[in-house]
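# need a 3D model of the following:
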Amino acid sequence: QIESLDKSLEDLLTRVDEFVGMLDMIRSDSSQVVNESIPQIYTKATEMRQIYRKIDKLEAFVKMIGNSVAGLEERVVKAETDLGAFPSTFKKILHTISMPSFLNKSSSSRQQQTLYEPPVLFKTEDYFPCLNEAPY
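Just a heads-up that it's a prediction; the model follows:
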């Protein structure tokens, strides 16, 4: 009985040693997480906030460009309907044909009615100042 009890105690001591070893490993891993990983995660999270702000600004810029392009498309459609959109071959044919003087007057008066006003466009340099610098 003493031998079996001694063997059981040895087995129990071995298990306790293994348990203490695992506890030490968990403590060291926990301290590594607290001392090293958490500060790294915090630093990365701070960097990501800056990236998120840049993404938000870029989304606003893309939206502004989309609105600008939509406005220009509306102006092109309006100009095409006002002035008529002929294929280029018809334009060439019409320009080569000599027109009577009364037709020329009516077309010139039509041109005077619709004066071209250039659209206000954005400048990329206003939004990306680094583009003004020479590369490398």
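# what packs against the helix ranked longest in the chain?
Criterion DSSP state H: the longest helix present in the chain is helix 38-83. Helices and strands touching helix 38-83, as assessed by 3 or more C-beta pairs under 8 Å, 6 or more residues apart in numbering; DSSP states H and E, are absent. Where you see a C-beta, it was placed from the backbone N, CA and C, and this is true even at glycine.
# so how far is that helix from its chain's centroid?
Distance of helix 38-83 from the chain centroid (C-alpha atoms, centre = their mean, to the nearest Å) equals 7 Å.
# low-confidence ranges, this protein, go.
85-114, 131-136 (pLDDT under 70).
# run the last query once more with 50
102-112 (pLDDT under 50).
# what is the burial count for Tyr127?
By other C-beta atoms under 10 Å, 14 other residues sit near Tyr127.
# right, and it touches Phe61 too?
Yes. The criterion here is C-beta atoms under 8 Å, and Tyr127 meets it with Phe61 at 5.8 Å.
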